[in-house]
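Novice: compute the structure for the input listed below.
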Amino acid sequence: MVFLEDKNLDMRRYNAPTLCTEVAAIFVGDNGEPPANRDICVYPVGNTCQSISPLIQCCDPMTYPLLFPRGECSWNTGMEHVEERRTEKRTCVTHLQYYAYRLSLRNGFSILHNSWSPRHIQQNYQDAMAMVRKFGKPDLFLTFTCNPSRSEILNSMEGVQRPEDRHDIIVRVFNMKLKELLEDICKHGIFGTVLAYIYVNEFQKRGLPHAHILLTLDSESKIRTEDDIDKFVSAELPDPCTDLRLFQIVTKCMVHGPCGTININSPYMRDGQCCKSFPKQFKDDTEENVNGYPIYRRRATEPVQVGKYSFDNRWVGPYNPWLLKTFNEHINVEVCASVKCVKYLYKYVYKGHDAASVKIQKEGALDHDEILSFVEGRYVSAPEAMWCLN
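Specialist: Numbering: from 1, shown residues only. Just a heads-up that it's a prediction; the model follows:
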């Protein structure tokens with residue numbers, strides 16, 4: 001199976017995966033939903049075959065012998081809750097509850113969450129536009145990415161496990177930290193009073209979950225001047241003599257790349273250039289943009305050594321120092337109040353589920369049926385599957 005990159009498709013969704021070791025599922029569906037019906041045939045002793053329902057309790061043991069090594073019975077429609085979990089309204093175990101139980105680490109697989117269909121995305125987008133009409137344009141655009149090196153994740157590893165082996169732990173820690181971030185922003189008001197906000201979680205082919213957050217502030221908290229921008233957002237390497245911890249976090253989480261001429265094989269490279277427009281230009285002072293993101297202050301300083309490469313302020317993404325020191329994660333902070341095309345921001349956030357355009361190749365065979373060879377489907381990574389279970 002080969003991943004195709006067709007520039008006529010939305011490359012934010014149909015981009016090829018960059019992690020060669022990731023386990024994912026690809027299925028074909030009109031709205032990104034998994035197939036509802038399964039046609040399962042059993043070949044008993046003899047030459048005849050027999051169709052069975054996927055709802056009978058012997059179906060899973062025969063289909064997934066590695067998950068049921070002893071051939072024990074699976075879920076069935078009459079499976080009852082234990083006494084302490086039983087209620088007057090619900091006495092039987094649901095499909096979701098059973099597979100969530102099966103997949104949990106104790107001494108469960110469920111249907112995909114019913115979000116990210118085109119109708120669901122359009123509804124959320126229209127709700128966001130209604131918020132814009134009532135509260136105004138958003139002021140800040142944050143991207144919050146999970147850090148797999150957090151102590152909470154590393155301390156949960158068993159034996160020789162690595163974070164990429166335990167996506168269940170990653171999404172749980174990410175969910176907890178995301179709730180803490182929203183509480184600090186909305187309740188504690190680190191940027192001021194928040195009138196409205198929306199956020200969308202994404203699970204792309206890069207291996208780690210991240211959230212896009214759009215914030216609308218009240219009139220007294222609006223970011224109007226260059227000084228206001230510099231107060232909340234920095235795009236420079238901090239002085240290690242003044243704040244060593246912040247310097248370490250910035251060099252680890254907020255330095256882009258390497259890409260460009262120093263690493264032409266970077267996944268960010270498109271037609272010989274960085275798709276994120278790095279390295280940026282040096283700038284002595286922050287400048288507001290008439291229609292777009294501000295041009296942040298990036299003064300010319302001596303480069304610092306990060307791993308094998310040397311970086312200066314041109315490679316630093318915009319961040320808020322307090323948030324970085326609090327969460328130790330990649331948190332990109334952009335001032336978007338000057339972006340006139342508000343619909344672009346929300347359509348970027350609500351772009352839909354991850355997708356893949358693939359071609360099925362048969363070794364040693366000539367197949368000229370292009371209609372059957374090329375398929376488009378929804379791409380579900382391991383973190384997204386675990387998120388739906390949690």
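Novice: helices along this structure, start to end?
Specialist: 59-63, 95-103, 118-135, 151-154, 167-186, 226-232, 244-253, 321-327, 342-349, 370-373, 382-389 (DSSP state H).
Novice: residue 299 is nearest to which of the ones you listed?
Specialist: helix 226-232 (11.7 Å; Cβ to Cβ). Placement of C-beta: from N, CA and C, glycine included.
Novice: which other helices and strands contact the closest one?
Specialist: If contacts are counted by 3 or more Cβ pairs under 8 Å, 6 or more residues apart in numbering; DSSP states H and E, helix 226-232 sits against strand 330-335.
Novice: now the strand it packs on: buried residues?
Specialist: 330, 331, 332, 333, 334, 335 (16 or more other Cβ atoms under 10 Å).
Novice: now stretch 169-183
Specialist: Buried positions in stretch 169-183, judged by neighbour count with 16+ other Cβ under 10 Å: 169, 170, 171, 172, 173, 174, 175, 177, 178, 181, 182.
Novice: between those residues, which sits nearest residue 312?
Specialist: residue 181 (28.7 Å).
Novice: residues contacting that closest one?
Specialist: Taking Cβ atoms under 8 Å, 6 or more residues apart in numbering, we find residue 181 in contact with 144, 213, 323, 327, 331.
Novice: related to what we said a few turns ago, of all the helices of the chain, which one comes closest to residue 295?
Specialist: helix 226-232 (9.8 Å).
Novice: need the contact partners of that closest one.
Specialist: In contact with helix 226-232 (Cβ under 8 Å, 6+ apart) are residues 140, 191, 222-223, 285-288, 294, 296-297, 320, 333, 335.
Novice: nearest to residue 385, of those?
Specialist: Once Cβ to Cβ is applied, the member of the contacts of helix 226-232 that ends up nearest residue 385 is residue 333, at 29.6 Å.
Novice: which residue is the nearest non-sequential neighbour of that closest one?
Specialist: Of all residues not flanking residue 333 in the chain, residue 320 sits nearest, at 4.7 Å (Cβ to Cβ, 6 or more residues apart in numbering).
Novice: burial count for the one you found?
Specialist: 19 (other Cβ atoms under 10 Å).
Novice: and the chain, what are its domain boundaries?
Specialist: 1-75, 139-350 (the TED database).
Novice: tell me the most buried of the ones you listed?
Specialist: Mean neighbour count (mean count of other Cβ atoms under 10 Å) peaks for domain 139-350 among the domains of the chain, with a mean of 17.
Novice: show the average pLDDT along it.
Specialist: Throughout domain 139-350, pLDDT has a mean value of 87.
Novice: export the buried residues of strand 330-335 to TSV and tack on distance to residue 2?
Specialist: Formatted as TSV, these follow (distance: Cβ to Cβ, whole Å):
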residue	distance to residue 2
330	31
331	35
332	32
333	38
334	35
335	41
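Novice: out of those residues, who's nearest residue 379?
Specialist: residue 330 (22.2 Å).
Novice: that closest one contacts residue 253, doesn't it?
Specialist: Yes. In this structure, residue 330 is within contact of residue 253 by Cβ atoms under 8 Å, at 4.4 Å.
Novice: which residues touch the residue nearest to residue 333?
Specialist: Applying Cβ under 8 Å, 6+ apart to residue 320 gives the contacts 190, 232, 233, 234, 331, 333.
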